[in-house]
Structures are given as C-alpha cells and as structure tokens.
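*Asks:* Next input, structure requested:
(chains A and B)
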Amino acid sequence: MSQPATSPLLASLLDAPLPVSGIDWLDAARCENHNAFAAAGLPDTRVEAWKYTGLRALTQRSFASGDADAQSRVVDTSHFVLPGADGPRVVFVNGVFRADLSSIDALPPGLLLQPLSVALKENAEPLRFALSRHYREEGDAFARINAACADDGVMLRVATHAKIEVPIHLVFVGAAADADLAWHVRNVIEIGEGASLELVEHHLASGEQNHLATLVADIELREGARMRHTLLQNAAVGANLMRRSSFRLHARAHATLHALELGGALVRHDLRAQLLGDEARFDTRGVFMPHGRQHIDTQMAIRHEALNTVSTSVWRGVASDRARGVFRGAILVAPGADGSDASLSNKNLLLSTGAEIDTKPELEIHADEVKAAHGATVGQLDERSLFYLRSRGIPMVEARALLTAAFCRAVLDDLPNEALRDHLSTLLIEHLPA
Amino acid sequence: MNMLKIENLHARVEGREILKGLSLTVNAGEVHAIMGPNGAGKSTLGNVLSGRDGYEVTAGSVSYNGEDLLALEPEARAAAGVFLAFQYPVEIPGVNNTYFLRAALNAQRKVRGEKDLDSMQFLKLVREKLKVMQISDELLHRAVNEGFSGGEKKRNEIFQMAVLEPRLAILDETDSGLDIDALKQVAQGVNLLRSPERAFLMITHYQRLLDYVVPDFVHVLADGRIVESGDKSLALKLEEHGYAGIAERHPAGEAA
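*Replies:* Residues are numbered from 1 along each chain as shown, chains lettered A, B, ... in the order given. Below is the predicted model:
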C-alpha cells in the first residue's frame, strides 16, 4: 500500500525535525504519528478513500519544512478582508501565527481565541483529547504528518451559553517563498453547552506558490450548541491543500457549513461529522469549481449515532477545462439511531469534454424508521435553456455563466450572513470559467 | 426594402427535410399568420429564423432588412430585433425573471450602441409594461418560468416581447393550450404592440387566435412550403373545410 520510503516527498517530510513541547502525552503522540507516517507512507489509489485522487505526482516533489521567514512576509491585508466577517480575526501565514495581522485583543465575553501554541503553554490538559489521537486508518497519511509536525493553529472555545454575535474570521495565507514549503496547522474548536458561534474559515494566497499545507480541525459542539461555519477556499492555483475537519455534535447541537472550494492545484477535504447526541443536526452546503488542471476532492462522512438526528447535504460541482472534481458523500445511520433523517444531493456540471467529476453517494442504514434520500447526477448545461437565453439577446458566454451560477445558487441561498452571502455569490460568478 | 424575405428555404432536422422551398415576404407593419397541419414545418420555420441549433439550412436564403439573417448567432438576431415567442417556454430555476430580462435588454442595447438601463430605470419600464399587459408583478420575483402555468408562460413570453420591443416578432403557437381568457389577454398584448415599424409572424394551428388578432395575410404551410396565401378569409375557409382540403388542392411536390 505504501510508497517507497525513498520518494522525495516522504523523505522531505520525514526529514523535518519534530517539534518538542515538553508535554509528555503530546510529544508521545507526535512521535507515534510520525512513526506511523514513516511506516505506511502515502496511500495510493488502491485505498478506497483515495481512489480518485492519485498522489503519484506529488510524491515526486520535495518540500522544505516550515517557513523561517513567515513573520516578516509582507501580506496585503486587503486580500483577506471579507464583507460580513468584521469580527475578531486570526491570521496565519505559511502556518505561522501573525499577531501583527490578527485582531484578538478585544474579544467578546465567553470567547477564548488564541494560538494553539499559547494555549498549550497556559493549559494543555483540555487539549489532550484532541491532540493525543493516533490516526490508524489506511488513508490517514496527512493527518498523521499533521499530528506529528503541527505546532500551532487556532484554539477557540466558547463558554457555556455564550452567544457570540460577531463572526470570527480564521485566515490561512499561503505566501510566496523562495522554496516550496510544507506547513501544518492544527485547530481545536469547542462550542460550549447552549452557546453559539459564527465562524469564517478562509484560505487564500499571497503570491504564486506551490506549497503543501495540511490542516486538521476538531470541532466539538456541546449539548444545544449552535455553529454557523463558512468555508472559503481560495488558495493559490499551485497550492496543495490537505484538510480534515471533524465535527462532533452532542444532543440538540446544530452545525451548518457553507463551503466554497475554488482554489488550489490538489485539494482534499475530509469532512467528517458524528451526530452523537439525540436530535443533533448537521447541514452542509457546498460548491467545488475546479478549472484548468485543478483537482478538488471532498470526502464527506456523516455518522448518525443517536435518536432523531438530522443531516442535510447539498453539494454542487462544476468542472471545466481538464479539471477534476471528486465528491464522496457517505452517510451511515448506526444501530439505535432510530428516527434519523438524512438527505444528500450532489449535482455536477461538466463544462468541457476534458473535465471529469466522480461522485459517490453512499448510504448505510442500520436503524429503524429512518428517512433517507440521496441522489447524484453529472450533466452538462441544458441546451434548451442556453438557446432560450441567447434568443433574448444574451451572448453565449454570459448565458453559460448565468446558467452555471443558477446551478450553484441553492448552495448559498440559505446563508444567513447577507453581506458574506453577497460577496461569495459575486466571487463565485467571477470564478466561473470564461 | 422588405423587412423579411425568405426565398426557397430548405431545412433539415436530424437528416429529415422539413422545409422544402418555403418563400415568404414580410414588410414592416404587417401581421402574417402561418397556418398548417401538424408536421407541416411551422415550428421549424420559427426555429430556423431564430437560429436554434440542430436545424440545417440546405438551400435558399433569408434576408432581414437586407442582411443575411442565417449568418447571425441567435443573440445577434435578437439584438437586431428578431424575437421568438416559444411554443414551449423553458423553465430556468435559479435565474430570476427580472434579472434575466434586464440582462437581455442591456445585452441588446449594448450591441445597438445604447447605454445600459440601471435597475431603477429598468424597473420603471417593467412596471409600465406590466400595467399595459395586465400582469401581476409577482411574476417578476420568480425564476424564469419556474412553476408557471401554461397560460402564465405564454403571457410571460408576450411580456418579454413588450419589454424587448422587437421589430420582427415570431409567435410560435402562442395560442396553443390557452383557455379563452388567457387567449384574449395574449391577443390584447399583441394588438397593443402592433405598430407601423413592427411585423408579426403568427404561427398557429387554429383559427381562433385570428379572431382576436386580425392578420393582414394568411398563409397555408403544408409539407414544407407555403401552398396558399390570402387575406383573413382564408383562415375562415380553413376553419370550415380543415386542412384536408389543402392536401387535395396541393398534392406533395407541386410548387406553390
């Protein structure tokens, strides 16, 4: 299953010195995951979860470890200003926290927001559950190397019953450097019982670069917690981005995710949710829109593990040129999760003959009185609609853009943050292939 | 100059010849009705004139204000003033009716070297037209034709025509599937738009639309050609004797 340990990628990643925290359990976990990564290497396409995303080209490249100059890189702050995300902001450049670009001095009561490295020094114990994990699955290579090498990220905690009214903006900038870099970020987020939070996760580029970034996030929603999460992935066209977001939802917790996957060369998002408590709810809306030679892969896995849990998923893929989109939506209703309701829709649009989208809805039900609906389609723009628009005077290019934008509309329609929704809609239209 | 001059038009759909030497001349200000049995080529004519893909013109010519109409893309024909009211208007979920219509109007204005209408100006124009057409403005907030009844779709076509103000309007069986009230509304819309600068080509299977929109000329299209032309009394004759009589008077292969 593994690549030979001699592959340039593996060698360069293993070459990086492991961070040392002085916290026994953390250093042990880093070591363990590092060893697992060294032993198993990277998955090939025979591993089911990586069937449509080959890493062979990536394995032939090598990446320098971390960015020693990250603190001094000039980043135009106007790049990451987002309408509707004007609250506290945390900025990382090539995986390094930038206090000068962040604004976390005046936080609303009940919100703890700090770099993970600081949190580890102040009070590591609450982070133990998330950070002492051993990644054991076959496809876990990037989670392993992240667990071994990430020494910073975001620590965010919302106190019980605290309603945070302002959106929190997490910014991850990939900045141009002399070498191709590998950098790693680890985020730990916890929304307390009955608390609520709006979060905007934002990936973007500052200059051309071809880095390899891994980001792993654990997001825990306690009983009755509410979270609105918007993800804007607009990384450099050369960037390789390997992300994993794991949600755990306790009773009556409700998380909503709106995702726009636009940038990057090779992008992978493992999106996992466990509905652990009765009546927990997880709603996702997403668009992935690769063009050129981009490859964007979203692997979503939702587990209903308690009574009357609900998940709804609406995803749209649009691929043009020779781009490739991959979507897997796996929903499992575990024994005992009676009364669960799971729906999944993934519709895809191919705008050119060289483009490809692989979609795989999976539904596994082991409980009673479950409502489940899922569907996936791959198609082209409707010729009749195109002609209708053109017959009214709308030029071909504009007509195609109009129909493509309409195809994606269902995804952003119910985003409550209006300023952000308008901005993302505009971004999406600007991103449409000509 | 004639507004529209179709000469000896032959057209194929999926390899089958549908139009077989159709000739027709239309001048500004005139209303022409094209009648004929199913399969005669009525809709093919509308589709060829508006530039739909899949219709292959194998012979003949169509000149529009002296220009070769067949050489133009559909959007260029629209900008030049050709409008097709669809027999089956397409539902386009996710595209707002108002947004669509403004995009269309401004795209046409751009080609003609006119300034864009901003949303206020456009709304004013649309309100006027709605009032004249007696259409509820609720229609504006919906997606293009989505969930519209048959009658609403046809009225929306006429409303679009009113906003876009074409010079040559082709109505492809706009009367089909309408009850009498909807038919009257559609007819009223057409009558309001009649003007010395504008011509209409009304393609229809039945005579009843012509009770409300009185044509200057009536043509019978059969087996891909115009086989008979006359004034509105021809329509009444057809109503009385049906299309069967046409076939007897004009067996296939005979020139018009």
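
*Asks:* Smallest gap between chain B and chain A, at which residue?
*Replies:* Of all residues in chain B, B:Gly94 sits closest to chain A, with a separation of 2.9 Å (Cβ to the nearest Cβ). Where you see a C-beta, it was placed from the backbone N, CA and C, and this is true even at glycine.

*Asks:* Quick one: name whatever helix or strand follows whichever strand or helix holds that residue.
*Replies:* Per DSSP states H and E: B:Gly94 is located in strand B:92-96. Using DSSP H and E, the helix or strand that follows strand B:92-96 in sequence is helix B:97-111.

*Asks:* Tell me if A:Phe92 really is in a helix.
*Replies:* No - according to DSSP: H, G, I helix; E, B strand; the rest coil, A:Phe92 belongs to no helix; its state is strand.

*Asks:* That one and chain B, how far apart?
*Replies:* Per Cβ to the nearest Cβ, to the nearest Å, A:Phe92 is found 36 Å from chain B.

*Asks:* per-residue confidence at that residue?
*Replies:* Model confidence at A:Phe92, given as pLDDT, is 98.

*Asks:* where does chain B come near chain A, residue by residue?
*Replies:* B:50-53, B:73-75, B:77-79, B:83-84, B:86, B:89-90, B:92-95, B:100-101, B:103-105, B:107-108, B:111, B:143-144, B:160, B:164 (Cβ under 8 Å from any Cβ of the partner chain).

*Asks:* Which among those residues count as buried?
*Replies:* Neighbour counting with 16 or more other Cβ atoms under 10 Å in any protein chain shown marks B:50-52, B:74-75, B:77-79, B:83-84, B:86, B:89-90, B:92-95, B:100-101, B:103-105, B:107-108, B:143-144, B:160, B:164 as buried within the residues of chain B next to chain A.

*Asks:* Can you list the low-confidence ranges for the chain?
*Replies:* All of this refers to chain A. Residue ranges of chain A with pLDDT under 70: A:1-5.

*Asks:* To clarify, I was referring to chain B.
*Replies:* Applying pLDDT under 70 to chain B picks out residues B:247, B:251-256.

*Asks:* at 80 instead, please
*Replies:* Low-confidence segments of chain B, defined by pLDDT under 80: B:132-136, B:242-256.

*Asks:* Return the residues of chain A in contact with chain B.
*Replies:* Counting by Cβ under 8 Å from any Cβ, the residues of chain A close to chain B are A:382-385, A:387-396, A:398-399, A:402-403, A:405-407, A:409-410.

*Asks:* 10 Å instead?
*Replies:* Applying Cβ under 10 Å from any Cβ of the partner chain, we find that chain A lies next to chain B at A:382-399, A:402-410, A:413.

*Asks:* Filter the residues you listed down to just the buried residues.
*Replies:* Among the residues of chain A next to chain B, those buried by neighbour count (16+ other Cβ under 10 Å) are A:384-395, A:398-399, A:402-410.

*Asks:* Restricted to strands, list the residues you listed.
*Replies:* In strands, judged by DSSP state E, none of these are found.

*Asks:* which residue ranges form the helices in the stretch 1-150 of chain B?
*Replies:* Assigned by DSSP state H, counting those that start in this stretch, the helices in the stretch 1-150 of chain B fall at B:42-50, B:74-79, B:97-111, B:119-133, B:150-164.

*Asks:* Spit out the contact partners of the residue of chain B closest to chain A.
*Replies:* Going by Cβ atoms under 10 Å, 6 or more residues apart in numbering or on different chains, B:Gly94 touches A:402-410, A:413, B:143-144, B:146.

*Asks:* A:Arg272 now?
*Replies:* So A:Arg272 contacts A:218-219, A:244-248, A:299-303, A:330 (Cβ under 10 Å, 6+ apart).

*Asks:* Ok, B:Gly81 next?
*Replies:* Applying Cβ under 10 Å, 6+ apart to B:Gly81 gives the contacts A:393, B:3, B:64-65, B:108, B:112, B:164-169, B:197-199.
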